[in-house]
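Colleague: heads up, no residue letters with this:
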């Protein structure tokens, strides 16, 4: 007798073992048609897997998140199947699910062309329509290795040989195509209907540049054509918003090969940077942070003491001089501990909040660099809070409220939160980690935030909370972090005097709101498509004269606006006003201030907004009042 307990608490009893499909069929034919897999006692399984013991069962359909992931995984196999039919000499390697889709890496004698991708996608549709059953079988390891070698699939044989242990393996077969996989998969290829191949890129085998360069075909798969249409529209929007293109168009910054992963800031881009840095500086001052500055290059021994040398060495730039090894700092925390250690601290001094716009360098792989989104040189709005254990929860909650305010001022309302716990590679005792994780969880509950658990994703020195924001086209960007660290202050000898005159090690909270300023500015560029709100815009307005008769008055207007702290330029060229308006509109300035004879005679200006709206004539004093009100509200236009 087999008892199956369903999510609604009901039970179904069978006098024999059953499959997921059997249970779905007994509930109703509609569910049986929709089912693509099951979750038995929390483990995803294929729809035809026997359930031989009493179990809890969730039936997975296309509408479930796990169902969509299974469809995408099966679509990767469908891609490999199509490639093998069209290009029998190609070798398949790995094909995982990724965000919004999947990819598969292939070894082939020539590059795949756009025409090849069209043919492959067409063949995928044909295979889907064949309604091939997808069958799971358990193979002996040596049998599987021999099978793939006979098929000429040397990479698959290597993968199996590298898997530790001697357990049997699972292989999935659909028609004449067999692949190594844990599964689960859709029951038939007919379940795979909405997909599209996107592009081909290079990828080294096992990510090692010493190995062969493979060809990675990316695809996307969805439940409905409407979902796929929305996704493709988001991609089009993302292409329009590419910060590298807009940065060039608006003359904000550039990156060149002589300094890979490092930004050359142009005057307008640096103005944008300064608005953000000064805003953050004021926010931190208002919240009792003390700004400091620490060295860029620090002796290796400090990094050994902090644990970075053993856990982060491969990402550090290292140099030798005077028979000593130094590292260009990849992060600011050890330097902040050194500042804390200067002078004996009392429990009455805590919490101490030390902030730095810290310039850091990390030796990221060249293939991973991407505009300002992934760089080697970056500046963090970094801070470290030294506090007692009793102060942890209050400090974390304060930080969360501060972070939410900052994101809101930049126009981001939606916040996603994840709590990452201890990784395999870490420093500190299990007792310290237990204490750290519980403290962060309690703070999240007090702040009334919804959050997701990420087991094993914490920093090597402590658990962390990750804060992500959602931009105007729905993309998620992880920016803010808060990490709780009992270990590094102890390793570096930080301590304070407790009320009973004993010495204690402070807790150290590592925190950032924007994260990398370079990356955050890239996000802002893409979110606003370069049309920044007034308070951020590098140039807030331009004064345009209609003819040479108004040059003096236009200069007077610009000078008065600049004297009030506004960033205003002037265009006094002897060009048609329509030409100048069009040119400055392409630069996405919030306002254009136009002066002709009528404006000069009445000591007024005509004002035009970025969206082309004519705001009419007004005095300069009225315009200044409007600007001040809009900036104070962080208005987004």
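Modeller: Sure, I can see it. Just so you know, these numbers come straight off a predicted model, no measurement behind them.
Colleague: Which parts of the stretch 251-400 of the chain are strands?
Modeller: In the stretch 251-400 of the chain, the strands defined using DSSP state E, counting those that start in this stretch lie at 253-254, 264-265, 290-291, 297-299, 317-321, 324-328, 345-346, 352-361, 377-387.
Colleague: Check what contacts the lowest-mean-pLDDT helix or strand in the chain and list those residues.
Modeller: Within the chain, no helix or strand scores below helix 308-312, which has a mean of 85 by mean pLDDT, DSSP states H and E. When contacts are defined by Cβ atoms under 8 Å, 6 or more residues apart in numbering, helix 308-312 is touched by residues 300, 303-304, 316, 327, 330-331, 334, 425, 427, 460. All C-beta atoms are positioned from the backbone trio N, CA, C, and that covers glycine.
Colleague: Stretch 419-437 too?
Modeller: For stretch 419-437, the external contacting residues (Cβ under 8 Å, 6+ apart) are 307, 311, 389, 440-441, 444, 451-466, 484-487, 491.
Colleague: could you redo the last one with a cut-off of 6 Å?
Modeller: With contact meaning Cβ atoms under 6 Å, 6 or more residues apart in numbering, stretch 419-437 is reached by 307, 451, 453-458, 460-465, 484, 486-487.
Colleague: So among the residues you listed, which ones count as buried?
Modeller: Among these, those that count as buried by neighbour count (16 or more other Cβ atoms under 10 Å) are 307, 451, 458, 460-465, 484, 486-487.
Colleague: Return the member of those nearest to residue 128.
Modeller: Nearest to residue 128 out of those is residue 451 (Cβ to Cβ; 38.6 Å).
Colleague: Residue 362: what's it in contact with?
Modeller: Counted by Cβ under 6 Å, 6+ apart, residue 362 has contacts 315, 330.
Colleague: switch to 8 Å and redo it
Modeller: Contacts of residue 362 (Cβ under 8 Å, 6+ apart): 315-317, 330, 376, 378.
Colleague: okay, among these, which ones form the most distant pair?
Modeller: Longest span within these, Cβ to Cβ: 316 and 378, 14.1 Å.
Colleague: So for the two, which residue has more residues nearby?
Modeller: residue 378 (23 against 18; other Cβ atoms under 10 Å).
Colleague: Could you report the distance from that one to residue 229?
Modeller: 36 Å (Cβ to Cβ, to the nearest Å).
Colleague: Residue 550 touches residue 598, doesn't it?
Modeller: No. Between residue 550 and residue 598 no contact is recorded; they are 9.9 Å apart, counting by Cβ atoms under 8 Å.
Colleague: so which strand or helix has residue 105?
Modeller: strand 101-107 (DSSP states H and E).
Colleague: Quick check: what element follows that strand along the chain?
Modeller: That would be, after strand 101-107 and using DSSP H and E, helix 114-129.
Colleague: Quick one: residues in contact with that next one.
Modeller: 75, 78-79, 81-83, 85-87, 112, 174-175, 189-190, 192-193, 195-197, 199-200, 217.
Colleague: Tell me the helix or strand right after the helix or strand containing residue 468.
Modeller: In the assignment (DSSP H and E), residue 468 maps to strand 464-470. Following strand 464-470 in sequence order, the next helix or strand is strand 476-485 (DSSP H and E).
Colleague: Which other helices and strands does the helix or strand following that next one contact?
Modeller: Next helix or strand after strand 476-485 toward the C-terminus (DSSP H and E): helix 487-491. Here helix 487-491 touches helix 300-306, helix 333-340, strand 507-516, going by 3 or more Cβ pairs under 8 Å, 6 or more residues apart in numbering; DSSP states H and E.
Colleague: For the last one, what does the pLDDT average out to?
Modeller: This points to strand 507-516. Mean per-residue pLDDT for strand 507-516: 95.
Colleague: do the same with the first one
Modeller: If you average the pLDDT over helix 300-306, you get 92.
Colleague: Contacts for whichever strand or helix holds residue 221, please.
Modeller: Using DSSP H and E, residue 221 falls within strand 213-222. With contact meaning Cβ under 8 Å, 6+ apart, strand 213-222 is reached by 68, 71-72, 75-76, 79, 83, 93, 98, 100-108, 111-112, 117, 120, 192, 194-205, 228, 231.
Colleague: Check which helix or strand residue 543 maps to.
Modeller: strand 541-545.
Colleague: List the pairing partners of that strand within its sheet, with orientation.
Modeller: Strand 541-545 has these partner strands in its sheet, going by DSSP bridges: strand 568-571 (parallel), strand 591-595 (parallel).
Colleague: I'm done for today, thanks for sticking with me.
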